[in-house]
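Participant: whatever this is, show me its structure:
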Amino acid sequence: MKEIIQTLTSRLPKEAVMLVTVIKSSGSTPRKKGARMVVTAAGLQAGTIGGGKVEFLAVSLAKDLLEKQESTQQEYRLTPKEASGLGMVCGGGMTLLYQYLASEDVGLQEIVNAISDCLVIGGSGWLFQPLEETEKAPLIFYSEKTGWLGTKEPLVAAFDEQTLAGVAYYVEELTPPSQVYLFGGGHVAQALVPVLANLDFQVTVLDDREEFLNRSYFPEVCQLQLVDFADIQQLALTEQDYALVMTRGHLHDLTLHQQLLQTPAYYLGGMGSRHKVAVMKQKLREAGYTEQQIARIHMPIGLAIKAETPAELAISIAGELILARAEQG
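Facilitator: Residues are numbered from 1 along each chain as shown. Next up is the predicted model:
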């Protein structure tokens, strides 16, 4: 969603664009409901609805609709044989919503800016997209901060499809990207941060060494923070947050794990060899932590792909976080 909003922010003041959204998905499809892409008259695009021939056909239709200044829906329902020809493994169905967004619509630009603030600064909001031609705005947005944008009639925020005042809407709750607290600014952290940034995770790197909190090491990071590893309670982690421990020594790791286990953080991870992990778990047992509490910490962090180098470990860790985020819902 971040790439979509960035593209709308930069393009809409200059030209009309087509917003293509997957509003229904069944069976085996490359992207699920809520996937989006933006298409310009020149065929430039941001985001993806899954690639392959389906996306090729979608881009072609989007360009035609841009020329006509029209919006529509298109259903792609595929048998296994047809799916194979469209680059899919087996049968499935997708319904795409094509929305013409006019460049001269100042109210629309205000909505895009509000969505951007919601995703970057924080807080929840709801995006309403009409599923049919209507005189109402092509996008309606609501958050506690902005109130209703794009309509004078308040709608009831809800998930999935809603029919309100005779108009059917595709409705989606928008929330900021997952926040990752990464303790330790060493080689693996430096390799991991750009990967996570491209996956729409917001990352804060924390270290007790000021020289490691350097923008030359972390140009993509959201925030750099100097901390005392012995006291991180001021961070106030929430049940939506991720915390990864990869400091330079056992003592710091142990101190951090003990503190992080007192937080409601959704995901806790610790890096280390099998021996280091075994020692860490034993130290936690000796400190009075139960097996259930210790099991909250994913150790060693990362998918089992026999990663060794910092770059390989970064891919392994990122893969595990993608899985954790998908399971988080």
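
Participant: lowest-scoring secondary structure element of the chain by mean pLDDT?
Facilitator: helix 80-85 (a mean of 54; mean pLDDT, DSSP states H and E).

Participant: what stretches of the stretch 201-329 of the chain score poorly on pLDDT?
Facilitator: The stretch 201-329 of the chain contains residues with pLDDT under 70 at 329.

Participant: pull the CA atoms of stretch 280-290 into CSV?
Facilitator: What follows is stretch 280-290, C-alpha atoms only, in CSV (Å, rounded to 0.1, in the frame of the first residue of the first chain):
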residue,chain,number,x,y,z
MET,A,280,20.5,-18.7,26.6
LYS,A,281,17.5,-20.9,27.3
GLN,A,282,19.3,-22.4,30.3
LYS,A,283,20.1,-19.0,31.6
LEU,A,284,16.5,-18.0,31.3
ARG,A,285,15.4,-21.1,33.1
GLU,A,286,17.8,-20.3,35.9
ALA,A,287,16.3,-16.8,36.1
GLY,A,288,12.9,-18.4,36.8
TYR,A,289,11.3,-18.2,33.4
THR,A,290,8.9,-21.1,32.4
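
Participant: what's in contact with that stretch?
Facilitator: 250, 253-254, 257-258, 261, 270, 272, 291, 293-294, 299 (Cβ atoms under 8 Å, 6 or more residues apart in numbering). Bear in mind the C-beta positions are built from the backbone N, C-alpha and C, glycine included.

Participant: if we use 7 Å, what do you get?
Facilitator: Residues from elsewhere that reach stretch 280-290 (Cβ atoms under 7 Å, 6 or more residues apart in numbering): 253-254, 257-258, 261, 270, 272, 294, 299.

Participant: which two of those residues have the greatest separation?
Facilitator: Distance extremes for the contacts of stretch 280-290: the farthest pair is Leu261 and Gly272 at 16.3 Å, using Cβ to Cβ.

Participant: which positions in the helix or strand where Arg285 lies come out as buried?
Facilitator: Assessed by DSSP states H and E, Arg285 sits inside helix 274-286. Within helix 274-286, the residues that count as buried by 16 or more other Cβ atoms under 10 Å are 277, 280-281, 283-284.

Participant: what is whatever helix or strand comes next after the least confident helix or strand of the chain packed up against?
Facilitator: Using DSSP H and E, the helix or strand that follows helix 80-85 in sequence is strand 92-101. For strand 92-101, the elements it packs on are strand 17-27, helix 52-68, strand 72-78, judged by 3 or more Cβ pairs under 7 Å, 6 or more residues apart in numbering; DSSP states H and E.

Participant: now strand 92-101 against strand 72-78, angle please.
Facilitator: 160 degrees (axes from the mean of the first three to the mean of the last three Cα atoms, to 10 degrees).

Participant: how close does the closest residue to Glu239 other than its chain neighbours sit to Asp228?
Facilitator: Excluding its sequence neighbours, the residue lying closest to Glu239 (Cβ to Cβ, 6 or more residues apart in numbering) is Pro264, at 4.2 Å. Pro264 sits 22 Å away from Asp228, going by Cβ to Cβ, to the nearest Å.

Participant: swap in Gly43?
Facilitator: From Gly43 to Asp228 the distance is 53 Å (Cβ to Cβ).

Participant: cool, Thr263 as well?
Facilitator: 16 Å.

Participant: repeat that for Gly184.
Facilitator: In terms of Cβ to Cβ, Gly184 sits 14 Å off from Asp228.

Participant: more crowded one of the two?
Facilitator: Gly184 (24 against 10; other Cβ atoms under 10 Å).

Participant: next one, pLDDT for that one please.
Facilitator: Gly184 is assigned a pLDDT of 95 by the prediction.

Participant: that one touches Met246, doesn't it?
Facilitator: Yes: contact status for Gly184 versus Met246: in contact at 4.3 Å, counting by Cβ atoms under 7 Å.

Participant: from the middle of its chain, how far away would the following helix or strand past the helix holding Arg285 be?
Facilitator: Counting by DSSP H and E, the element after helix 274-286 in chain order, helix or strand, is helix 291-294. When distances are taken as Cα atoms, centre = their mean, to the nearest Å, helix 291-294 is centred 29 Å away from the chain's centroid.

Participant: mind listing what's buried along helix 291-294?
Facilitator: For helix 291-294, by 16+ other Cβ under 10 Å, it's Ile294.

Participant: and what of stretch 298-308?
Facilitator: Going by 16+ other Cβ under 10 Å, stretch 298-308 has these buried residues: 298-302, 307.

Participant: stretch 212-232 too?
Facilitator: Applying 16+ other Cβ under 10 Å to stretch 212-232 flags 212-213, 217-218, 221-222, 224, 227, 229, 232 as buried.

Participant: just the CA atoms of that stretch, as PDB, please.
Facilitator: What follows is stretch 212-232, C-alpha atoms only, in PDB (Å, rounded to 0.1, in the frame of the first residue of the first chain):
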ATOM      1  CA  PHE A 212      26.900   2.200  15.000                       C
ATOM      2  CA  LEU A 213      23.900   4.400  14.800                       C
ATOM      3  CA  ASN A 214      25.000   6.000  11.600                       C
ATOM      4  CA  ARG A 215      23.000   6.800   8.500                       C
ATOM      5  CA  SER A 216      25.800   5.500   6.300                       C
ATOM      6  CA  TYR A 217      25.000   2.100   7.800                       C
ATOM      7  CA  PHE A 218      21.300   2.500   7.800                       C
ATOM      8  CA  PRO A 219      20.100   4.800   5.100                       C
ATOM      9  CA  GLU A 220      16.600   3.200   4.900                       C
ATOM     10  CA  VAL A 221      15.900   2.900   8.600                       C
ATOM     11  CA  CYS A 222      13.000   4.700  10.100                       C
ATOM     12  CA  GLN A 223      14.700   5.600  13.400                       C
ATOM     13  CA  LEU A 224      18.100   5.200  15.100                       C
ATOM     14  CA  GLN A 225      18.100   5.200  18.900                       C
ATOM     15  CA  LEU A 226      20.900   5.200  21.500                       C
ATOM     16  CA  VAL A 227      19.800   3.000  24.500                       C
ATOM     17  CA  ASP A 228      21.100   1.300  27.600                       C
ATOM     18  CA  PHE A 229      20.400  -2.300  27.000                       C
ATOM     19  CA  ALA A 230      19.900  -2.800  30.700                       C
ATOM     20  CA  ASP A 231      16.900  -0.500  30.700                       C
ATOM     21  CA  ILE A 232      14.500  -0.500  27.700                       C
END
